[in-house]
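1. got a predicted structure here, sequence first:
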Amino acid sequence: MAVDTKAWLIGGGIGSLAAAAFMIRDGGMPGSHITILESAPSMGGALDAHGTPAGGYCLPGGRMLTADNYECTWDLFRSIPSLDHEGQSVHDETLAFNTQHHAHSLARLVDARRAKVPVASMGFTMHDRAELLKLSLADEATLGDSCITDWLSPEFFETEFWAMWVTTFAFQPWHSAAELRRYLHRFVLEFTRIETLGGVKRTVYNQYDSLVAPLLTWLRAHGVNLVNDCVVTDLDSIEDARGYTVTGLHGRRDGERFEIEIGNDDQVYFQNASMTDAMSIGSMHRAPAKRDRDDSGGWVLWESLAAGCPQFGRPAAFNRSIAETCWESFTVTLDDPAFFARMEQFTGNVAGTGGLVTFRDSNWLMSIVLAHQPHFINQPPDVQVFWGYGLKPDRIGNFVAKAMADCTGAEILQELSGHLRFDAALLAYGNCIPCRMPYITSMFMPRRPGDRPLPVPAGSRNLSLISQFVELAEDCVFTVEYSVRAAQTAVYQRMGITRTIPAVTPHDHSLQVQFEAVLKAFR
């Protein structure tokens, strides 16, 4: 690496933030040589969270964490100091928190009678078991771009296992069979405890305040240039015998156009698309706007890059059908403890020790979760916040005669009250902020080899890709780990770092784990 090498990162999600940290920690690059360009008002990407007690909090989503996987994520956060506990890393702080607040859901599924569904058994028939085993043993070349429905019969999707698995990981029957297979192997430990979510590790606050904020603090302390409200619209490049080289960036900031010249030794890292591209936020009295690809700079820039350059992937494989990749979340802010008290009485779980409560018979396939409070770092002690989502936002509700996508926050609370059969007064003063995410599960769409580019594409001299849409062997998308691993892979390869990247832990090769999974499947 030349002494004056600079790094330009397009997109401010966890992948870019992690990449900058690896450049500094393991590559020795001065932070002042690193610039992150983010189109949104704040960094964090899909881990963004914001709001106030008066205006309401908004948490688009949270990614599941475990202690048994996430090797690259914890490798990073062992180096990032906690903001609350001097002398502790974010990793140590998180483990200590989970020792105090252990997850063990007692109300994972609830039916239309508001009765807890027995979940000790996965509900499999022998035919279900045979199909699941066949899918899990197939290799990715055999699975190709097939859908889950190509391997599992309609009856499988009525099992208790599927209701819990799909709402934990957000799969849909039309998604990639190859990705489901990866999940079955990568998260085989969760297969054996899916009904309690006992393997899930939670952060002290939401993942922005607990992961992104301390990472940003560390990056700022090292002099990294963090630029918000900055949209990169185009790349200048040349392609010759030496390969593909980015020579300049074009974009807009504060209404003004800008151009950045990329030096001969500079590196460019691009977060090609995002699961929260074209996201829109509603309110108690307004449904979220229905945005699409044209409202997303990430997809458009990736499509421009990939046109005529197959080494940069095929974005159309992932963004071709909003109907198959969209769902909606909602965040509820309360200033009365009555709802939390009633939920704790109903579920048997103190807030922060349960997990997703899924209404199995909900037309929207709605789930909610009550985290440990406070969930936001600026949240007063007399305010509570909980989060939920619906995997089928195009369906008409059970208690509200509208599709979830067309509902205001007030109507979502009405639907929730109907499923819980609680007195509506418990949520009467709640502030529900809905969030529509048209591409939230786009990375799950069926894919072929080459649809996802490598983090360092063949022939690319200075452009690397870090996102949920690159190809990493064995690992699973829709996780913080995938973004961090992609960043670490790209940075180490580009900078020639010899430190070993933590390997994917082969839990699926353990005879003990395999035996426990088989026992679980036959319960």
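-> Now that the structure is in, tell me what you want to look at.
2. can you list the low-confidence ranges for the chain?
-> Confidence mapping of the chain against pLDDT under 70 gives the ranges 1.
3. can you give me the strands for the stretch 1-150 of the chain?
-> With strands called from DSSP state E, counting those that start in this stretch, the stretch 1-150 of the chain shows them at 7-10, 34-37, 50-52, 56-58, 65-66, 109-110.
4. hey, which of these is tucked in deepest?
-> Per residue and on average, the most neighbours among the strands of the stretch 1-150 of the chain fall to strand 7-10, with a mean of 27 (mean count of other CB atoms under 10 Å). Using the backbone N, CA and C atoms, a C-beta is placed for each residue, glycine as well.
5. returning to what we had before: can you say which of the strands of the stretch 1-150 of the chain is nearest to Ala306?
-> Closest to Ala306 of the strands of the stretch 1-150 of the chain, according to CB to CB: strand 7-10, at 14.5 Å.
6. got the residue ranges for the helices in the stretch 1-150 of the chain?
-> Along the stretch 1-150 of the chain, counting by DSSP state H, counting those that start in this stretch, helices occupy 14-25, 71-77, 90-100, 126-137, 140-143.
7. flag every buried residue along the last one.
-> Pointing back at helix 140-143 there. Residues of helix 140-143 classed as buried: Leu143 (neighbour count, 16 or more other CB atoms under 10 Å).
8. check which helices and strands that helix sits against.
-> For helix 140-143, the packing partners by 3 or more CB pairs under 8 Å, 6 or more residues apart in numbering; DSSP states H and E come out as helix 177-186.
9. so after the helix it packs on, what's the next helix or strand?
-> Once the chain leaves helix 177-186, the next helix or strand it forms, by DSSP states H and E, is helix 188-191.
10. parallel or antiparallel, list what pairs with the following helix or strand past that following helix.
-> Later in the chain than helix 188-191, the nearest helix or strand by DSSP H and E is strand 200-201. Looking at strand 200-201 with DSSP bridges, its partner strands are strand 65-66 (antiparallel).
11. and the strand it pairs with, how far from the chain's centre?
-> A distance of 12 Å separates the centroid of the chain from that of strand 65-66, by CA atoms, centre = their mean, to the nearest Å.
12. again with stretch 330-347
-> 25 Å.
13. now it: buried residues?
-> Going by neighbour count (16+ other CB under 10 Å), the buried part of stretch 330-347 is 330-334, 336, 338-340, 343-344, 346-347.
14. please flag which of those sit within strands.
-> Counting by DSSP state E, the buried residues of stretch 330-347 place 330-334 in strands.
15. save the residues you listed as CSV, and put in distance to Ser146 too.
-> CSV is the format used below for these (distance: CB to CB, whole Å):
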residue, distance to Ser146
Phe330, 33
Thr331, 36
Val332, 38
Thr333, 42
Leu334, 44
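16. which one of the helices of the stretch 1-150 of the chain is the most hemmed in?
-> Highest mean neighbour count of the helices of the stretch 1-150 of the chain: helix 14-25, a mean of 27 (counted as mean count of other CB under 10 Å).
17. that helix packs against which elements?
-> Applying 3+ CB pairs under 8 Å, 6+ apart, one finds that helix 14-25 contacts strand 7-10, strand 34-37, helix 71-77, helix 213-221, helix 480-495.
18. who's in contact with it?
-> 7, 9-10, 29-31, 34, 36, 38, 43-47, 76, 79-80, 211-212, 215-216, 218-219, 222, 224, 269, 271, 466-467, 480, 483-484, 486-488, 490-492, 495, 497 (CB atoms under 8 Å, 6 or more residues apart in numbering).
19. picking that back up, from the ones in strands among the buried residues of stretch 330-347, pick the one nearest Ala401.
-> Set against Ala401, the nearest of these by CB to CB is Phe330 (18.4 Å).
20. what's the neighbour count on Pro173?
-> 15 (other CB atoms under 10 Å).
21. residues near the spatially closest residue to it that is not a sequence neighbour, how many?
-> With sequence-adjacent residues excluded and distances taken as CB to CB, 6 or more residues apart in numbering, Pro173 is closest to Thr149, at 4.8 Å. Neighbours of Thr149 under the rule other CB under 10 Å: 15.
22. ok, Ser321 next?
-> 12.
23. surely it touches Met445?
-> Yes: Ser321 lies in contact with Met445 (CB atoms under 8 Å); the separation is 7.5 Å.
24. for Gln345, see how far away Asp75 is.
-> Using CB to CB, to the nearest Å, Asp75 is found at 41 Å from Gln345.
25. across the sheet, point out what pairs with the residue lying closest to Arg220 once chain neighbours are set aside.
-> Nearest residue to Arg220, sequence neighbours excluded (CB to CB, 6+ apart): Leu226, at 6.9 Å. Beta bridges link Leu226 to Ile36, judged by DSSP bridges.
26. what's the neighbour count on Leu226?
-> Residues lying near Leu226 (other CB under 10 Å) number 20.
27. just Ala486 next, same as before
-> Ala486: 29 surrounding residues under other CB under 10 Å.
28. going forward, begin numbering at 363 instead of 1
-> Noted, 363 is the first residue going forward, which turns the last one into Ala848.
29. list the residues that contact the closest residue in space to it that isn't next to it in sequence.
-> Among residues not flanking Ala848 along the chain, Ile828 sits closest, at 4.7 Å (CB to CB, 6+ apart). Going by CB under 8 Å, 6+ apart, Ile828 touches 377-378, 381, 631-633, 817, 845, 848-849, 852.
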